[in-house]
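**Student:** Everything below, folded, please.
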Amino acid sequence: VQLQACGGGLVQAGGSLRLSCAASGRTFTNYVLGWFRRAPGKEREFVVRIIWSSGNTYYSDSVKGRFTISRDNAKNTAYLQMNSLKPEDTAVYYCAAGANIYTYFQWGQGTQVTVSS
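**Tutor:** Prediction:
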């Protein structure tokens, strides 16, 4: 499966962005789709995941209540709606496909999100 992430950009604090992650080559049906981010000078951080078949989601505490992950089976695409953005959300965001919630084997190229104060 190949992943294509897009939708990043520059937004003011309090604003919103929607990222998308489109898969080609295989459907997500049997996979976990996760979003991660890496801020400058920091380690990669887990953001949220969705178990594609069940729709079960899990959010990191840092984004809970502000970010929402969703999926479109017909388009084989996952979305990350990011609201109430903060400067500390600034990072490169990556989507990744996993065989389970612990192991991600395919990563998208990343999309930059910059939140200005």
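
**Student:** okay, CA-based contacts and neighbour counts for the rest of this
**Tutor:** Noted.

**Student:** tell me the SS of the spatially most central residue of the chain?
**Tutor:** Nearest to the geometric centre of the chain sits residue 35, at 3.0 Å (Cα atoms, centre = their mean). Three-state call for residue 35 (DSSP: H, G, I helix; E, B strand; the rest coil): strand.

**Student:** Residue 45: helix or strand, and which one exactly?
**Tutor:** Residue 45 belongs to strand 44-51 when assigned by DSSP states H and E.

**Student:** For the helix or strand following that strand, which strands pair with it and how are they oriented?
**Tutor:** Using DSSP H and E, the helix or strand that follows strand 44-51 in sequence is strand 57-59. Partners of strand 57-59 in the sheet, by DSSP bridges, are strand 44-51 (antiparallel).

**Student:** what pLDDT, on average, does the strand it pairs with get?
**Tutor:** Averaging pLDDT along strand 44-51 gives 97.

**Student:** Over to stretch 60-72?
**Tutor:** For stretch 60-72, mean pLDDT rounds to 97.

**Student:** Quote the end-to-end distance of it.
**Tutor:** Across stretch 60-72, the terminal residues are separated by 22 Å (Cα to Cα, to the nearest Å).

**Student:** How many neighbouring residues does residue 108 have?
**Tutor:** 20 (other Cα atoms under 10 Å).

**Student:** In this structure the residue nearest to the centre of the chain contacts residue 44, no?
**Tutor:** No. Using Cα atoms under 8 Å, residue 35 is not in contact with residue 44; the gap is 10.5 Å.

**Student:** contacting residues around stretch 46-59?
**Tutor:** 28-37, 60, 62-63, 69-71, 101 (Cα atoms under 8 Å, 6 or more residues apart in numbering).

**Student:** buried subset of those?
**Tutor:** Listed as buried from the contacts of stretch 46-59 are 28, 31, 32, 33, 34, 35, 36, 37, 63, 69, 70, 71; burial here means 16 or more other Cα atoms under 10 Å.

**Student:** Done for today, thanks.
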